[in-house]
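Chemist: Predicted model, plus sequence, below.
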Amino acid sequence: MRVIAGEFGGRTLVAPEGTTTRPTTDKVRQAVFNSLHSMGVLEGAVVADLFAGSGAVGIEALSRGAEHCTFVERDRHALAALRANIATLGITERTTVHATDVMAWAPALRNVDIVFLDPPYDFDGWATLLGLLTGAAMVVAEADDPVDAAPGWTQLRTRRYGRTWVTLLERHDG
């Protein structure tokens, strides 16, 4: 696994041991970040990578111009890989890591421009999670199926990449 482009482009990332995480493929990351770049929303953004795993998505955001990334992950193997990747790239000052459950932590999220969500296989708590993310402006959700917009959210785009669906949602008032 590697960082695709930007400041850390080409740098290798450590992947977590075991099979509890689902790494985002290079193809999907490239497509997501091309889309975000075309929208002009990444430069200087404050982002969060929930269900972070190795942190590849949040690190890609930092590499491409995001100002700060908050990572949330509870699996100890994934946390070890995430912390190693942050240290290797020397980006500790641009990151915050929370070793906790995403659903328990999500209500604390405030003033975040983009939230990246890549939960474990067969996750079925999308409506609940989106309802908790009141401090987020935009969500990029990676899942086995398209993610429906919960109340307070508008679906901007949905794309399929092999067996993976990526849904881009934007928060709206009302």
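Modeler: Thanks, I have the structure now. Numbers count the residues shown, from 1 in each chain.

Chemist: Which secondary structure state does the residue nearest in space to the middle of the chain sit in?
Modeler: Centroid-nearest residue in the chain, with Cα atoms, centre = their mean: F116, separated by 2.5 Å. Look at F116: counting by DSSP: H, G, I helix; E, B strand; the rest coil, its state is strand.

Chemist: contacting residues for the nearest residue to D118 once chain neighbours are set aside?
Modeler: Leaving aside its chain neighbours, D118 sits nearest to E142 (4.2 Å; criterion: Cβ to Cβ, 6 or more residues apart in numbering). Yep, even glycine has a C-beta here, placed from its N, CA and C like the rest. By Cβ atoms under 8 Å, 6 or more residues apart in numbering, the contact list for E142 reads T24, V28, F116, L117, D118, T164, W165, V166.

Chemist: mind redoing it with 10 Å?
Modeler: 22, 24-25, 28-29, 32, 51, 57, 116-119, 161, 164-167 (Cβ atoms under 10 Å, 6 or more residues apart in numbering).

Chemist: ditto for E43
Modeler: L36, H37, R64, G65, A66, E67.

Chemist: how about a cut-off of 7 Å?
Modeler: With contacts defined as Cβ atoms under 7 Å, 6 or more residues apart in numbering, E43 is in contact with G65.

Chemist: Can you list the low-confidence ranges for the protein?
Modeler: Applying pLDDT under 70 to the chain picks out residues 18-22, 174.

Chemist: ranges for the helices of it?
Modeler: For the chain, the helices defined by DSSP state H cover 26-39, 56-63, 76-89, 102-105, 126-132.

Chemist: quick revisit: need the buried ones from the contacts of E142 selected in ChimeraX.
Modeler: In ChimeraX syntax, the buried subset of the contacts of E142 is picked out as below (16 or more other Cβ atoms under 10 Å):
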select :22,24,28,29,32,51,57,116,117,118,119,161,164,165,166,167
